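K.L.:
pasting the structure only:
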């Protein structure tokens with residue numbers, strides 16, 4: 001579980017921190033979620049449904065992910081409450097994506113851009 005947490009969350013956050021600007025980080029994260037297969041995420045979620053220790057680890061990872069997204073969204077100029085709600089929605093989307101991999105085949109290369117515009121509009125779009 002610790003390896004999964006490290007690779008699926010903390011390593012990704014470290015990679016994103018090399019980018020400049022909240023908007024770029026959000027777009028990169030959304031695109032990673034679209035592009036990367038998610039069989040381990042799906043397996044961990046299923047395991048968490050029958051194992052309390054795994055369920056607790058999932059809750060911890062979800063909190064880390066959501067909090068990171070919230071801070072990125074605040075960095076785009078969104079108010080804290082709206083950023084928190086959108087961070088939760090993006091976390092849910094990532095979880096759902098793990099369980100619906102065939103839907104990704106229906107997306108285009110602009111899907112990441114469109115999602116980024118919805119969840120983190122540029123300051124000029126406020």
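P.N.:
Nice, thanks for sending it over. Note that this is a predicted model, so its numbers are computed, not measured.
K.L.:
quick one, strands of this structure?
P.N.:
In the chain, no strands are found when defined by DSSP state E.
K.L.:
Run through it and note the low-pLDDT ranges.
P.N.:
Residues of the chain meeting the criterion pLDDT under 70: 123-126.
K.L.:
Find the nearest non-adjacent residue to residue 97, please.
P.N.:
Spatial nearest neighbour of residue 97, excluding adjacent residues (CB to CB, 6 or more residues apart in numbering): residue 33 at 5.8 Å. No exception for glycine: its C-beta is placed from N, CA and C like everyone else's.
K.L.:
Look up how far residue 112 lies from that neighbour.
P.N.:
8 Å (CB to CB, to the nearest Å).
K.L.:
Now the top helix by length along the chain: buried residues?
P.N.:
Longest helix of the chain, by residue count under DSSP state H: helix 52-75. Using 16 or more other CB atoms under 10 Å as the test for burial, helix 52-75 gives 54, 57-58, 61-62, 65-66, 68-70, 72-74.
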